[in-house]
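Colleague: take this sequence and fold it.
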Amino acid sequence: MSARFQQPGWFTVHVSNRIVAALTRAGLSVRGSRVLAVRGRKTGEWRTTPVNLLVRDGTRYLVAPRGHTQWVRNLRVAGEGELRVGRQVERFKATELADDEKPPILRAYLKKWKVEVGAFFGGVGPDAPDEELHRIAPGHPVFRIEPI
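Modeller: Numbering: from 1, shown residues only. Here you go, the predicted model:
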């Protein structure tokens, strides 16, 4: 498994993530944003981060554009978490997809959020050949989520 991880910059951590998280906590989803809450794998404490929820053919996914982040590692251990928008809290269970299953999900994710996350995909865009999406798949965890 690839351990690819792209550290967020100061602006992302201190400005943009905080703005999106605050709006989402206030009940204003920004283009599908949610606040993901997952129990920490070591402390058991709730950890939160803003994420983009992808809905494709009625199935919902979380994609990690920055790679094997802390939320990804925590979700792998916990197997479940919460998606929050305002006061609405939805518990879910998560199933990580195999690399061979990821290309259509990555393509759909890039079609919707390339402007926000395109830089994390190494120049691969939504119109890239399937071979390119297969090549980058190990570096971008994808979870199918279902309500509990």
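Colleague: could you pick out the longest helix of the protein?
Modeller: Taking DSSP state H as the criterion, the chain has its longest helix at helix 103-117.
Colleague: now do that helix: distance to the chain's middle.
Modeller: 11 Å (CA atoms, centre = their mean, to the nearest Å).
Colleague: give me the residues contacting that helix.
Modeller: Taking contacts as CB atoms under 8 Å, 6 or more residues apart in numbering, the residues outside helix 103-117 that touch it are 31-32, 52, 54, 56, 61, 63, 65, 97, 118, 121, 124-126, 128, 130, 133-134, 136-137, 140, 142. Bear in mind the C-beta positions are built from the backbone N, C-alpha and C, glycine included.
Colleague: now, which of those residues lie within strands?
Modeller: Counting by DSSP state E, the contacts of helix 103-117 place 52, 54, 56, 61, 63, 142 in strands.
Colleague: enumerate every residue touching residue 80.
Modeller: Residue 80 neighbours (CB under 8 Å, 6+ apart): 91, 92, 93, 94, 148.
Colleague: residues touching the closest residue to residue 136 other than its chain neighbours, list them.
Modeller: Once flanking residues are discounted, residue 136 sits nearest to residue 124: 5.3 Å by CB to CB, 6 or more residues apart in numbering. Taking CB under 8 Å, 6+ apart as the criterion, residue 124 is in contact with 110, 132, 133, 135, 136.
Colleague: again, 7 Å this time
Modeller: 132, 133, 136 (CB atoms under 7 Å, 6 or more residues apart in numbering).
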